Every structure is written in structure tokens, then in C-alpha cells.
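[1] What follows is a predicted protein model with its sequence.
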Amino acid sequence: MRTEKVTDINRLAAHYLMHSYLYYKKNISLISDDSYDYICKTLHTNYNQITHPHKEHIDKEQLLCGSGYSIDYPSIVKGAANNLITIHKEYKKLPYWYKV
């Protein structure tokens, strides 16, 4: 299992959007709460450095709260998140009943 922390701010933004979508809309968590908190804190601290194309969907106040509950997720984020599920099914053995 990969345990190193991602430090590239734009990659963290992508992970934040995908994992928030999975957690809040699909009711599945692929990362630990500590990892999600790390992403939120790092994005909040470095918010002005984010140049990710979907930055407008990242609310600085939600980052401070450690949440992504009210994000309006772009289709590309949903698709990428669903791909993460497929990858984790193969390598992390998600429950067989979970459908993308």
C-alpha cells in the first residue's frame, strides 16, 4: 500500500475533489480520515497556489472544516472518481457488490 504523502498542490486538489465525491455522493471511502484531513489542511494552507482547472469548485471554508459536502462536482471528477473505484476493486479488494 502506498503511504507517501502527495505534496503537489494541484494533484491534491484533484484527490480532494475525487475523494469528496466518493465519500459524499457514493458513500465510499478509499482513504483514511487522516489522509483526507491532510489534503484539506494542505489545500487550505496553500489555497492561493492552486492552479487546478476546477479550483472554482474548491471552497476554502469547506477545506478549513475538512469537508467537501456541498461541492458541485464536474463530470470529469465523477468519471475519475469512478475510475479510482475500479482500480481499488482490482488492487485493494473493494466489496464485490460495489458497482461503478
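    Cool, got the structure.
[2] Now do the buried residues in the helix or strand T86 falls within.
    Using DSSP states H and E, T86 falls within helix 75-92. Using 16 or more other CB atoms under 10 Å as the test for burial, helix 75-92 gives 77-78, 81-82, 84-85, 88. C-betas here are computed from N, CA, C, even on glycine.
[3] Turn those residues into CSV, including distance to S20 and pLDDT.
    Output for these, formatted as CSV (distance: CB to CB, whole Å; pLDDT from 0 to 100):
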residue, distance to S20, pLDDT
V77, 9, 97
K78, 11, 97
A81, 9, 96
N82, 14, 94
L84, 12, 91
I85, 14, 89
H88, 16, 79
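[4] Could you pull out the strands in this structure for me?
    With strands called from DSSP state E, the chain shows none.
[5] where in it is pLDDT low?
    Across the chain, the ranges flagged by pLDDT under 70 are 1-7, 92-100.
[6] where exactly do the helices run in it?
    9-25, 33-45, 60-65, 75-92 (DSSP state H).
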